[in-house]
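1. With the input below, show me the fold.
(2 chains)
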Amino acid sequence: MTLTDTEQAPQAKGGRRLSTSKAMVEAIAQEMERDESVFYLGEDVGAYGGIFSSTTGLLEQFGPKRIIDTPISETGFIGLAVGAATEGMRPIAELMFADFMGVCLDQIYNHMAKIGYFSGGRVKVPMVLTTAVGGGYSDGGQHSQTLWGTFAHLPGMKVVVPSNPADAKGLMTSAIRDDSPVVYMFHKGIMGLPWMAKNRRSIDLVPEGEYTVPIGKAAVARAGTDVTVVTLSLSVHHVLDVADTLAGEGIDVEVLDLRSVVPLDREAILASVAKTRRLVVVDEDYLSFGLSGEVVAGVVEADPTLLTAVRRVAVPDVPIPYARSLEYAVLPRHDRIEAAIRSVLP
Amino acid sequence: MTDVVFPVLDQTKPETEGVLATWFVADGDTVASGQLLGEVQVDKVDAEVTAPVAGTVSLLVSEDEAVVQGAPIARIE
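-> Predicted coordinates for the structure are as follows:
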């Protein structure tokens, strides 16, 4: 099964390569070793190692008091994490699929996100809510959404979305150390799982030892001068593939990987658009009322004269279909991304 | 010279083929003893393969290639 229809990357010599899931696990393990107040809880996170390998091996290393397998009880265990965080622990609670947020949303946006505000900043909630997002593997409309726009819309939570192994490690470490609640959203298609994806960039060099990536700083994944593509998560890889193709025609695409949705690195977006004057936003979330509109609005508010052309590539406002052909038709994939980039060029 | 073999994950049917799912190292890399080399899969069971000794690794099979359990998949010199 493939989520990106690209050949395997030429294998770099030297350095230590990890999959995204292993990089995530390494960050969690290093922080658990460093800080006794860090613990992890969720469904199938113990012996099974997380259904997307987010906790593989951690039970053996840290035992059941710190790697806690919960019943199917999201409201209960996320509430437990919120309470533990207010008492000084640093829990990481895994919501298996972001799509399941509905059953526990009160704990997330009324408690986790707002206790700091309600208490006038006197009570902190230093917890991480991890959750798997994204489609492309025929898992139906209730297992395939990204929903970062929804989490980002509700104030009080930072929202980070890594696209590669090194960022997965660095953002996880930063999220655990942050005194605010952080939602950490990992796309199944970037995890490098043996049974799912063959995304050529899902296995890459990862720094050993402690490694942090600042929350709220976008990264230029590819520098270019003709058009800015603002994107995140799995879409970064699709856009880089398209940029490589277009480079053969002399079209120079700049690719900005947001890495954090909240805070949003508006300065980085503006700096890139000021250079290229053309903007495409590629977002695997729904089109309306979401991240893609926010990015465009932010640019226009800052300087209405900056843009000469803009396009959005997102999921149309329909549930993600199960059938592969229909699913691929709604997801922002190479064909739609390439067409959007071409459409903003002079 | 040390062979790295595909682990026998299905003890009841050791002749079962698995798949070399992922290499984390490239042909010719220098690896440390115990370093993660790759992941293999038999049916739906995954396992990691680590380097038994330090040295230069030669990969004998490609990603997604089917391999009989117990067969050599890499060589370290």
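
2. What is the burial count for B:D29?
-> 23 (other CB atoms under 10 Å in any protein chain shown). Placement of C-beta: from N, CA and C, glycine included.

3. How about it, nearest residue that isn't a chain neighbour?
-> B:V57 (5.4 Å; CB to CB, 6 or more residues apart in numbering or on different chains).

4. Mind listing the residues bridging to that neighbour?
-> Counting by DSSP bridges, B:V57 is bridged to B:I76.

5. Which pLDDT value belongs to it?
-> Here, the pLDDT recorded for B:V57 equals 95.

6. what about A:Y117, neighbour count?
-> Neighbour tally, A:Y117, other CB under 10 Å: 11.

7. Show me what counts as buried in stretch A:223-233.
-> Buried residues in stretch A:223-233, counted by 16 or more other CB atoms under 10 Å in any protein chain shown: A:224, A:226-233.

8. Spell out the residue ranges of the helices in the stretch 201-346 of chain A.
-> A:234-247, A:266-276, A:291-302, A:324-330, A:334-344 (DSSP state H, counting those that start in this stretch).

9. Quickly compare those helices and say which is most buried.
-> Of all the helices of the stretch 201-346 of chain A, helix A:234-247 has the most neighbours on average by mean count of other CB atoms under 10 Å in any protein chain shown, namely a mean of 23.

10. And that one, how far out from the chain middle?
-> Going by CA atoms, centre = their mean, to the nearest Å, the spacing between the C-alpha centre of helix A:234-247 and its chain's C-alpha centre is 17 Å.

11. export the helices of the stretch 201-346 of chain A to JSON lines and tack on distance to A:G170?
-> As requested, the helices of the stretch 201-346 of chain A are exported to JSON lines (distance: least, CB to CB, whole Å):
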{"stretch": "helix A:234-247", "distance to A:G170": "15"}
{"stretch": "helix A:266-276", "distance to A:G170": "17"}
{"stretch": "helix A:291-302", "distance to A:G170": "21"}
{"stretch": "helix A:324-330", "distance to A:G170": "31"}
{"stretch": "helix A:334-344", "distance to A:G170": "26"}
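
12. Nearest to chain B among those helices would be which one?
-> Of all the helices of the stretch 201-346 of chain A, it is helix A:234-247 that lies closest to chain B, at 16.5 Å by CB to the nearest CB.

13. re earlier: can you say which two of the buried residues of stretch A:223-233 are spatially most distant?
-> A:D226 and A:S233 (23.3 Å; CB to CB).

14. And the helices of the stretch 201-346 of chain A: which comes nearest A:A27?
-> helix A:234-247 (19.4 Å).

15. how far off helix A:334-344 does that closest one point, in degrees?
-> 60 degrees (axes from the mean of the first three to the mean of the last three CA atoms, to 10 degrees).

16. outside of helix A:234-247, which residues touch it?
-> With contact meaning CB atoms under 8 Å, 6 or more residues apart in numbering or on different chains, helix A:234-247 is reached by A:3-4, A:6, A:134, A:136, A:163-164, A:187, A:189-190, A:199-201, A:221-222, A:224, A:229, A:231, A:253, A:255, A:257, A:282-284, A:332-334, A:337-338, A:341.

17. touching chain A at all, the worst-scoring helix or strand of chain B on mean pLDDT?
-> Least confident helix or strand, chain B: strand B:45-50 with a mean of 88, by mean pLDDT, DSSP states H and E. Yes. Judged by CB under 8 Å from any CB of the partner chain, strand B:45-50 and chain A are in contact via B:D46.

18. what does that strand rub up against?
-> A:194-195, B:4, B:6-7, B:9-10, B:21, B:34-41, B:73-74.

19. Please, which helix or strand holds A:A175?
-> helix A:165-177 (DSSP states H and E).

20. With that, I have no additional questions.
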